[in-house]
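A.B. asks: Kindly return the folded structure for what I paste below:
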Amino acid sequence: MKNLVIVSFPAKEGMLDNLKETLKLALPETRSFDGCISVVTFIEQSTETIHLIEDWETLEHQAKYLNWRVETGLLDVLEPLLEGGASGLKATICGSPHYDI
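C.D. replies: Numbers count the residues shown, from 1 in each chain. Okay, here's the model as predicted:
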């Protein structure tokens, strides 16, 4: 992994299937965005949270991607599906691995 980013999408009660469908439509664009190496999805069933494990060439690529998503309105689409709205979305920017630990 070059630059790890973990994004968590907590679904509102009863909205997990809608959230899955929305991400199914959005993730092909994510995966083809400049600098994206991979995106793998996991579902934490007990909390109905979808986690994306993303690998990016650089964190600058990921930041450019995030700005593009905000500009194109994806957060507006996700707002009614997420527990806590768009502010319920959590991104953990880990960056590159540390092999000296």
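A.B. asks: Residues in a beta bridge with the closest residue to K90 other than its chain neighbours, which ones?
C.D. replies: Closest residue to K90 apart from its sequence neighbours, by C-beta to C-beta, 6 or more residues apart in numbering: S8 at 4.5 Å. Where C-beta positions appear, they are placed from N, C-alpha and C, glycine not excepted. As for beta bridges, S8 partners with H51, K90 under DSSP bridges.
A.B. asks: Below-threshold pLDDT in this structure: ranges please.
C.D. replies: Residue ranges of the chain with pLDDT under 70: none are present.
A.B. asks: Which parts of it are strands?
C.D. replies: 4-10, 36-44, 49-56, 90-95 (DSSP state E).
A.B. asks: Based on its surroundings, how many neighbours for L82?
C.D. replies: Look at L82: counted by other C-beta atoms under 10 Å, it has 21 neighbours.
A.B. asks: which residues touch the closest residue to it other than its chain neighbours?
C.D. replies: Using C-beta to C-beta, 6+ apart and skipping residues adjacent in sequence, the residue nearest L82 is G88, 4.5 Å away. With contact set as C-beta atoms under 8 Å, 6 or more residues apart in numbering, G88 has these partners: F9, P10, L82.
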